[in-house]
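Visitor: Predicted coordinates and the sequence they were generated for:
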2 protein chains.
Amino acid sequence: MKAWERVEEGKRQGRGKRKGRDRMEVDEVVCLPRLPRVAVCGGTHGNELSGVYLVREMLKEEKKVMEKEEGEPLSVLIVLSNPRAMQQCRRYTDTDLNRCFTHAKLNGPIPDDAPYEIIRSRELNAMLGPKGNPEAVDLVCDLHNTTANMGLCFIAYSDCDWICLHIFRYLQASTNSSHSLKNLKLRGTCHFQKQMPDVPMRYIHFDISNKESYSLDSVGKHGFAMEIGPQPHGVVRSNIYTTMEVGVQHMLDWVRIFNSGTIFEGGCVDVFTLIKHIDFPRDSETRNITAAIHPQVQDRDFCLLHPEDPLFQTFSGETLRYKGDEPLYPFFINECAYYEKGIALSLARKRCVTIPAIRVQTEQQQQANEQEFASEEEE
Amino acid sequence: MKAWERVEEGKRQGRGKRKGRDRMEVDEVVCLPRLPRVAVCGGTHGNELSGVYLVREMLKEEKKVMEKEEGEPLSVLIVLSNPRAMQQCRRYTDTDLNRCFTHAKLNGPIPDDAPYEIIRSRELNAMLGPKGNPEAVDLVCDLHNTTANMGLCFIAYSDCDWICLHIFRYLQASTNSSHSLKNLKLRGTCHFQKQMPDVPMRYIHFDISNKESYSLDSVGKHGFAMEIGPQPHGVVRSNIYTTMEVGVQHMLDWVRIFNSGTIFEGGCVDVFTLIKHIDFPRDSETRNITAAIHPQVQDRDFCLLHPEDPLFQTFSGETLRYKGDEPLYPFFINECAYYEKGIALSLARKRCVTIPAIRVQTEQQQQANEQEFASEEEE
């Protein structure tokens, strides 16, 4: 069975591989393991409030959610990731929690005076992982906000994780009325769709190995950050909150529909792959920034930036231009938290990624898969 | 000389009084003391970055500014108010500096372990005040940013401080081309006007006595906060920075023109007087907020709010309505820093305040004024 071979290529975690994809034919249906356990995390950054309040609300509603489930049970873990930072309404207390999930940081020695977030990252890894282990939850969706005008973005470490890409496509289709949903060519039962607010959506790809990947969502078998803006940190705006709420609902709906055996048709997704970061111009002595994002670039995330386009405006009024040698797509333009990281904006290359039709494995496939894994372990 | 009588009513600090204003005739010219010393302060809140970077830029340009001055010298003190908070990019380190300038706080006993901002407030009071003292600088302009969509606001403790109101009117006139400047009926020399970005401007009045007034700008003989938004804290946006830069330039220009003897015609200014604050709905146990500003109110600062209008949207989707009994003007809608102060928005009543024509006192008037003050002191 051809589809089954594709699953093998994606190994246990159901992640696709580029060479596999290139050989793929459009009509093949790739069978992927069920996703019985999903984690929704908020407050990984304590001042990104949409996720904080959405997860609190989900915790209140947790019982109702359990009751609503039909057919295959889906276990949804709802997690407040950094309660101490939330309590102080700061991004973090000692160090950025969402940079603590590399293989090295999770497994290195831990001193007595370790920063709070290092300790917390291990708790979360025990709860949702361990990272890279078959015990890990099937999908982590980590909720974030940005001050940049980015709309709703998925940020993932893979451009061939069919699960994340299909969920993204499903959310995109839910933005613009039933017409788009029809275009999705979802075969199977009809599901009620609460419409997403009309917000632009993009899929961002950070090309980093699973071992080096540093964020909480990397702990799951599949995972992505759901990043929504613009919203100032320390503030919750109704429109952004609602977008996130509906986005999470759709993501969970998708998992339930997938688990129920529905086939999702293949197609194309625009993927923005991070190429590089650009820092603010800075004073060589004080390291203070000497310019702001140029007004022609501010809020224009994902609008192509060409060589020699204005990029910064110095505080004395001078225009500084983009000196790159190819047009690229800027994003995270003027994100508050990245001043300290030396990032004024990031630049991406866009390309269209073809994704296969997928459906959940049959029980037999799943068992065969598990046996194969067990024998691999014995070797 | 009638105008001189008005000045006497305003006493040494040149602040008008309501009863004086009501008797005032439009053609009278009120003569007010010269304003030789002006302070421009930024970083009173360390994460409100337009003021931080503008004041840093002004410090760099300080020498050039001195060289540019013509005629009557104007001493401009340029102050970074809370360097420690700026360094951490936080509003404050121990306590809100901009609540430390009441008479009681400035003059009470100071313990050894006093919060940093308490110590800093006394340094600033020594530098720019002492508050309520003839030694104080003539005008304090303290630069602030807000996450609320407030445009450019003056916030002052008086609705009859002719200096602040005239400066405000001058800035308003500079927004919309030379047409508005003509409407200002400024008699005197022609000055080059760099146009303000097209940003809405309002004058907000907090009806608090000088003794109880708590903010840095209350230390000067005249003073106001220049509050500009929307801008996330910890971020600098070119458009907001430029608005502030031009606003400060115009303010300083006005003082120079005033000191040079030009008469500014009287007229009308809309003044928004704070009536009350409204907090977010909160969970009675946890005190966490349970709703966000309603999408129909978010970003609608200074748009009249009527009884029964939507006001909040709970995180479970319910609309909560404004239960006041009169229409009022909301402002500081969803200001980040006020979550901890229990303020979701503030409400104001608007009225038109008639301001007299003003000009600077002649040297003789000033001397007479000083002699009068000296004899008052002897009594």
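Guide: Sure thing, it's come through. Remember, it's a predicted structure, so these values are computed and weren't measured experimentally.
Visitor: Any stretches of chain A with poor pLDDT?
Guide: A:1-27, A:63-72, A:176-195, A:373, A:376-379 (pLDDT under 70).
Visitor: so does the longest helix along it get close to chain B?
Guide: If you go by DSSP state H, chain A has its longest helix at helix A:238-259. Yes - under the criterion of CB under 8 Å from any CB of the partner chain, chain B is reached by helix A:238-259 at A:S238, A:N239, A:Y241, A:T242. Every residue, glycine included, has its C-beta placed from N, CA and C.
Visitor: Any figure for the gap between whatever residue of chain A ends up closest to chain B and B:E48?
Guide: In chain A, no residue comes nearer to chain B than A:P232, which is 3.4 Å away by CB to the nearest CB. Between A:P232 and B:E48 the computed distance is 12 Å (CB to CB, to the nearest Å).
Visitor: Spit out the residues that contact the two alike.
Guide: Residues touching both A:P232 and B:E48 by CB atoms under 8 Å, 6 or more residues apart in numbering or on different chains: B:H233.
Visitor: so how far is A:N334 from A:P295?
Guide: 11 Å.
Visitor: Who has more neighbours out of these two?
Guide: More neighbours surround A:N334 than the other of A:P295 and A:N334, with 27 against 17 (other CB atoms under 10 Å in any protein chain shown).
Visitor: shouldn't the more buried one be in contact with B:S238?
Guide: No - the pair A:N334 / B:S238 is not scored as a contact, 9.3 Å apart, by CB atoms under 8 Å.
Visitor: Are there residues contacting both of those two? Which ones?
Guide: A:A292, A:I293, A:Q298.
Visitor: Looking at these, which are in strands?
Guide: The strands, defined by DSSP state E, take in A:A292, A:I293 from those.
Visitor: Most neighbours among the shared contacts of A:N334 and B:S238, which one?
Guide: Sorting those by how many neighbours each has (other CB under 10 Å) puts A:A292 first, at 27 neighbours.
Visitor: need the strands for chain A, in chain order.
Guide: Going by DSSP E, chain A shows strands at A:29-32, A:37-42, A:75-80, A:139-145, A:151-156, A:201-205, A:222-229, A:267-278, A:291-293, A:310-314, A:319-321, A:329-331, A:345-355, A:357-360.
Visitor: Enumerate the residues of chain A near chain B.
Guide: Chain A comes close to chain B at residues A:53-54, A:56-57, A:61, A:89, A:147, A:230, A:232-239, A:241-242, A:288-289, A:292-295, A:298, A:313, A:315-316, A:334, A:336-337, A:339-340, as judged by CB under 8 Å from any CB.
Visitor: For ChimeraX, write a command that selects the buried ones of these.
Guide: To isolate the buried members of the residues of chain A next to chain B in ChimeraX, using 16 or more other CB atoms under 10 Å in any protein chain shown:
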select /A:53,54,56,57,147,230,232,233,234,235,236,237,238,239,241,242,289,292,293,294,295,298,313,315,334,336,337,339
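Visitor: picking that back up, in a markdown table: the residues of helix A:238-259 next to chain B, plus distance to B:D309.
Guide: Listed next are those as a markdown table, based on distance: CB to CB, whole Å:
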| residue | distance to B:D309 |
| --- | --- |
| A:S238 | 15 |
| A:N239 | 18 |
| A:Y241 | 20 |
| A:T242 | 19 |
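Visitor: A:R349: which of those residues is nearest?
Guide: Nearest to A:R349 among the residues of helix A:238-259 next to chain B, counting by CB to CB, is A:N239 at 29.8 Å.
Visitor: B:V297 is in contact with that closest one, correct?
Guide: No - A:N239 is beyond contact range of B:V297, at 11.7 Å (criterion: CB under 8 Å).
Visitor: what sits in contact with each of these two?
Guide: By CB under 8 Å, 6+ apart, A:N239 and B:V297 have no common neighbours.
Visitor: For stretch A:276-291, buried residues please.
Guide: Under 16+ other CB under 10 Å, the buried positions of stretch A:276-291 are A:I278, A:F280, A:P281, A:I289, A:T290, A:A291.
Visitor: What's the local residue count around A:E308?
Guide: Here the number of neighbours of A:E308 (other CB under 10 Å) works out to 10.
Visitor: quick one on the thing from earlier: out of the shared contacts of A:N334 and B:S238, which comes closest to B:V79?
Guide: A:A292 (21.7 Å).
Visitor: list the contacts for the closest one?
Guide: Counted by CB under 8 Å, 6+ apart, A:A292 has contacts A:F280, A:Q298, A:F312, A:Q313, A:F315, A:N334, B:Y53, B:V236, B:R237, B:S238, B:Y241.
Visitor: if I pick the last one, what's in contact with it?
Guide: If a contact means CB under 8 Å, 6+ apart, then B:Y241 has A:A292, A:F315, B:S50, B:Y53, B:L54 as its contacts.
Visitor: and with 10 Å instead?
Guide: Residues near B:Y241 by CB atoms under 10 Å, 6 or more residues apart in numbering or on different chains: A:291-292, A:295, A:313, A:315, B:49-51, B:53-54, B:57, B:145, B:228, B:231.
Visitor: Between the residues you listed, which sits nearest A:Q361?
Guide: Proximity of the contacts of B:Y241 to A:Q361 (CB to CB) peaks at B:Q231, which lies at 50.6 Å.
Visitor: picking up where we left off before, residues shared between the contacts of A:P295 and A:N334?
Guide: Residues touching both A:P295 and A:N334 (CB under 10 Å, 6+ apart): B:R237, B:S238.
Visitor: For stretch A:202-216, buried residues please.
Guide: Buried, per 16+ other CB under 10 Å, within stretch A:202-216: A:R202, A:Y203, A:I204, A:H205, A:F206, A:S213, A:Y214, A:S215, A:L216.
Visitor: again with stretch A:321-341
Guide: Under the neighbour-count criterion of 16+ other CB under 10 Å, stretch A:321-341 has A:322, A:324, A:328-339 buried.
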